[in-house]
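>>> Fold the following and give me the result.
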Amino acid sequence: MGRMFGTDGIRGIANVELTAELAFKVGQCGAYVLTQNIGRRPRILIGKDTRKSGDMLEAALTAGMCSVGVKVIPLGVIPTPAVAYLTRLYKADAGVVISASHNPCEYNGIKFFNSEGYKLSDAVEDEIEAYIKEDKKMAELPTHGKVGYVSANHNAVEDYVNFACSTIDCDLRGMKIAIDCANGASYQTAFKALNKLGANVEAIHNTPDGVNINAMCGSTHMESLQAYVTSIGADVGLAFDGDADRMLAVDENGKMIDGDQIMAVCAKYMLENNKLKKNTLVATVMSNLGLFIAGNKLGINIPRTKVGDRYVLEEMLDKDYSIGGEQSGHIIFLDHNTTGDGLVSALQFLAVLKKTGQKASEAAAIVEVLPQVLVNAVVKPENKEKYMEVEEIAAACRRVEDMFAGEGRVLIRPSGTEPLVRVMIEGKNKDVLQAEAEKLASLIESILG
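As a prediction, this is how the structure comes out:
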């Protein structure tokens, strides 16, 4: 059996891979590891997105946590970043989120935050897993009055909305904003926050029924929001994913604004107002070359991490940077929250538009998004990491990069979960990129497949 915890908690098809029995064990063992040395009754928050399976998994998780003496505080349907923030606000010992983020409704997941609102380290996850698999044994379970219990909280949505609104120092009066809530966890919070700030808000995909989360909507399917923005004459559109830790935008012309562009707009404004720590924005190797070209022009340093928000966060914490994120719209404003926060990202972006008087299209134009082509090469699993050890492949990569003469790049990386090597090429001519990517992928398959 492989490692249970992936890059963002435990995920699987609910009631098949992620069963109630497993959820009970995850709740029990997770709570035990995170709270065993507290010396008083622990308190753990639990939030979820809108999937039908959330109720089943919440009941099982709650039972597991109560079995080790925890006071469980259910927050109901609420964004992932809200749980991170409220864990700190309510001085809880941990927070748990039941969500599979942008995945289809049949999937679900469980992820933990520690008492400081950060996702768990690999070492802590490994310890929890050791108890789940019974490689390590728990002490005697509590009885009598020491058994845990549930104590509901009815202020979570309002507390999170108030926090999000407090992260900007202007209102949004006069702005017409379209939002796509992905029929997910943002369906209340996004509308309430924007409305509270005085915006004229029009929402789509904000009627969750337990199965329509992420279904051809939200930040992974932008087409309906793009059409909606132009049809109602909105100034800007905002699309969230199922658990609302990501946000992408649409300009007044219906053109998508990706995470790289949003980060650049916010980082430029922060730089101009002396709020960009160390003049640095953290991105990943998958961010568009256009972002790095814009950074050079603006005087913003942009280090690249491995793909994954946890690597972005590690770099930010290690070097004390204030903003970082991914092209997918998972953006961390560390001065405000400890994880990617779609609503906070949206408000930072909107505040820049309001204060500068720019249209969304004008602001986003500081990044010229260069075409990217991605082609997968199927290889033997044992060969996934060997692509740069082969001189013929390395030489072919150098040839392509030399061909673009600084106006393009080649990125080759192994898939984390499949026997694939991903070939990504950026440049100005998409047809040339496609041809070169396919040639490189074929070469890698012929040698390593």
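>>> which element follows the helix or strand that contains Phe112 toward the C-terminus?
Here Phe112, judged by DSSP states H and E, is contained in strand 107-114. Following strand 107-114 in sequence order, the next helix or strand is helix 122-132 (DSSP H and E).
>>> Parallel or antiparallel, which strands does whichever helix or strand comes after that next one pair with?
Proceeding N to C from helix 122-132, the next assigned helix or strand is strand 149-150, under DSSP H and E. Next to strand 149-150 in the sheet, as set by DSSP bridges, lie strand 71-77 (parallel).
>>> which other residues reach the strand it pairs with?
Contact with strand 71-77 is made by 41-50, 54, 58, 62, 65-66, 82-83, 86, 90, 92, 148-153, 156-157, 185, 187-188, 208, as judged by C-beta atoms under 8 Å, 6 or more residues apart in numbering. Every C-beta, even on glycine, is put in place using the N, C-alpha and C of the backbone.
>>> can we see that at 6 Å?
Residues from elsewhere that reach strand 71-77, judged by C-beta atoms under 6 Å, 6 or more residues apart in numbering: 41, 43-47, 50, 62, 65, 150-153, 156, 185.
>>> mean confidence for that strand?
Average pLDDT, strand 71-77: 98.
>>> before we move on, back to that, hey, what's the angle from the strand holding Phe112 to helix 122-132? Just curious.
Put simply, strand 107-114 runs at 120 degrees to helix 122-132, going by axes from the mean of the first three to the mean of the last three C-alpha atoms, to 10 degrees.
>>> So which bits of the longest helix seen in the chain are buried?
If you go by DSSP state H, the chain has its longest helix at helix 430-448. Residues of helix 430-448 classed as buried by neighbour count (16 or more other C-beta atoms under 10 Å): Val432, Leu433, Glu436, Ala437, Leu440, Ala441, Leu443, Ile444, Leu448.
>>> do the same with stretch 298-305
Leu298, Ile300, Ile302, Arg304, Thr305.
>>> ditto for stretch 165-182
For stretch 165-182, by 16+ other C-beta under 10 Å, it's Cys165, Thr167, Ile168, Leu172, Met175, Lys176, Ile177, Ala178, Ile179, Asp180, Cys181, Ala182.
>>> how about low-confidence regions in this protein?
Low-confidence segments of the chain, defined by pLDDT under 70: 1-2, 405-406, 416-417.
>>> Could you pull up the residues touching the residue minimising distance to the centre of it?
When C-alpha atoms, centre = their mean is applied to the chain, the residue found nearest the centroid is His330 (4.1 Å). Contacts for His330 (C-beta under 6 Å, 6+ apart) come out as Arg246, Asp309, Gly340.
>>> Next: Leu194.
Ile177, Val201.
>>> Got phi/psi on it?
Main-chain torsions, Leu194, degrees, to the nearest 10: phi -70, psi -40.
>>> any idea how far Ile13 is from it?
34 Å (C-beta to C-beta, to the nearest Å).
>>> May I see the domains of the protein written out as residue ranges?
Domains of the chain are assigned by automatic domain parsing as 10-154, 158-364, 372-448.
>>> Can you add distance to Arg3 and give these back as a markdown table?
Listed next are the domains of the chain as a markdown table, based on distance: least, C-beta to C-beta, whole Å:
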| stretch | distance to Arg3 |
| --- | --- |
| domain 10-154 | 7 |
| domain 158-364 | 14 |
| domain 372-448 | 11 |
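>>> about what we covered before: can you list contacts of the strand holding Phe112?
By C-beta under 6 Å, 6+ apart, the surrounding residues in contact with strand 107-114 are 8-11, 13-14, 18, 26, 30, 51, 53, 57, 84, 87, 94-100, 120.
>>> Let's see that with 8 Å instead.
8-14, 18, 23, 26, 30, 34, 51, 53-54, 57, 61, 80, 83-84, 87, 94-101, 103, 119-120, 124, 128, 338-339.
>>> coming back round to it: quick check: the two most widely separated of the buried residues of helix 430-448?
By the measure C-beta to C-beta, Val432 and Leu448 form the most distant pair in the buried residues of helix 430-448, at 24.4 Å.
>>> returning to what we had before: remind me what the longest helix of the chain packs against, helices and strands.
With contacts taken as 3 or more C-beta pairs under 8 Å, 6 or more residues apart in numbering; DSSP states H and E, helix 430-448 sits against strand 372-378, helix 391-404, strand 409-414, strand 420-426.
>>> which one of these has the most crowded surroundings?
Neighbour counts (mean count of other C-beta atoms under 10 Å) averaged over each of these peak at strand 420-426, with a mean of 22.
>>> Describe which strands that strand pairs with in its sheet and in which direction.
Here strand 420-426 has these sheet partners by DSSP bridges: strand 372-378 (antiparallel), strand 409-414 (antiparallel).
>>> thinking again about what came up before, mind checking which of the contacts of strand 107-114 land in helices?
Using DSSP H, those in helices are 23, 26, 30, 34, 53-54, 57, 61, 80, 83-84, 87, 124, 128.
>>> quick one: which two of those are the most distant?
Spatial extent of the ones in helices among the contacts of strand 107-114 (C-beta to C-beta) is set by the pair Ser53 and Val124 at 25.3 Å.
>>> Between those two, tell me which one has more neighbours.
Neighbours were counted for Ser53 and for Val124 using other C-beta atoms under 10 Å; Ser53 has more, 22 against 16.
>>> Would you agree that one is in contact with Ala14?
Yes. Counting by C-beta atoms under 8 Å, Ser53 touches Ala14, with 3.4 Å between them.
>>> shared neighbours, the two?
Glu106, Asn108.
>>> what comes up buried for stretch 143-162?
Buried residues in stretch 143-162, counted by 16+ other C-beta under 10 Å: Gly148, Ala156, Val157, Asp159, Tyr160, Val161.
>>> ok so, going back, which members of the buried residues of stretch 165-182 are positioned in helices?
Using DSSP H, the members of those that fall within helices are Cys165.
>>> Please convert the buried residues of stretch 165-182 to JSON lines, extending it with distance to Lys71.
Shown next, in JSON lines, are those (distance: C-beta to C-beta, whole Å):
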{"residue": "Cys165", "distance to Lys71": "29"}
{"residue": "Thr167", "distance to Lys71": "29"}
{"residue": "Ile168", "distance to Lys71": "34"}
{"residue": "Leu172", "distance to Lys71": "38"}
{"residue": "Met175", "distance to Lys71": "42"}
{"residue": "Lys176", "distance to Lys71": "44"}
{"residue": "Ile177", "distance to Lys71": "39"}
{"residue": "Ala178", "distance to Lys71": "41"}
{"residue": "Ile179", "distance to Lys71": "35"}
{"residue": "Asp180", "distance to Lys71": "36"}
{"residue": "Cys181", "distance to Lys71": "31"}
{"residue": "Ala182", "distance to Lys71": "32"}
